[in-house]
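Q: Sequence plus predicted model, see below.
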Amino acid sequence: MIGVGNLLLKDEGVGIHVVQALQEINLPQDVKIIDGGTAPDLIAYTEAGDKLIIIDAAKAGGKPGTVYCFQPQDLATENGNFVSVHELGVVQNLKLMALMGNEPKEIVVIGVEPKEIGWGIELSPELQRVIPKIVKVVLKQIDMEQRSTPE
């Protein structure tokens, strides 16, 4: 799983905050957590596995803190409702993975509606409140929802 974002731009860094929360959980050894930072090109160079989960801020017009689960083709469609802050980098790197024969069996993008994208290292209160919910969504995606999550 890869968290993407910039910790210096408030809610744009939500993927990294989620990755940090997940690092506090005892996950199975076959689950790899990657801090993708502002370079989603790391996606193309990850080892292929059964599932790739990408966590990023995504503008879809919902209420700040809304959590979306969607497929990569939702990012690639011109008329789609979801717009990842890193849309081009994510889509290009998923295509590169496919060309390299390194595509996982399943790819899920977990997007979080941002409230504020501007200078600052703290998430907005709306996004701070949903970090545990996002962690539960990720755990459900890796079939670990019954494990406890940090408060």
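A: Noted; the coordinates are in hand.
Q: Stretch 21-38 - what's its average pLDDT?
A: In this model, stretch 21-38 carries a mean pLDDT of 88.
Q: first vs last residue of it, how far apart are they?
A: End-to-end distance of stretch 21-38: 18 Å, with Cα to Cα, to the nearest Å as the criterion.
Q: In that stretch, which residues are buried?
A: 21, 22, 25, 27, 31, 33, 34, 35, 36, 37, 38 (16 or more other Cβ atoms under 10 Å). All C-beta spots, glycine's among them, are computed from the backbone N, C-alpha and C.
Q: In JSON lines, list those along with distance to residue 98.
A: JSON lines is the format used below for the buried residues of stretch 21-38 (distance: Cβ to Cβ, whole Å):
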{"residue": "21", "distance to residue 98": "30"}
{"residue": "22", "distance to residue 98": "26"}
{"residue": "25", "distance to residue 98": "30"}
{"residue": "27", "distance to residue 98": "26"}
{"residue": "31", "distance to residue 98": "22"}
{"residue": "33", "distance to residue 98": "23"}
{"residue": "34", "distance to residue 98": "19"}
{"residue": "35", "distance to residue 98": "23"}
{"residue": "36", "distance to residue 98": "18"}
{"residue": "37", "distance to residue 98": "23"}
{"residue": "38", "distance to residue 98": "23"}
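Q: Among the residues you listed, name the ones in helices.
A: 21, 22 (DSSP state H).
Q: Go through the chain and flag its longest strand.
A: Ordering each strand of the chain by length in residues (DSSP state E) puts strand 51-59 first.
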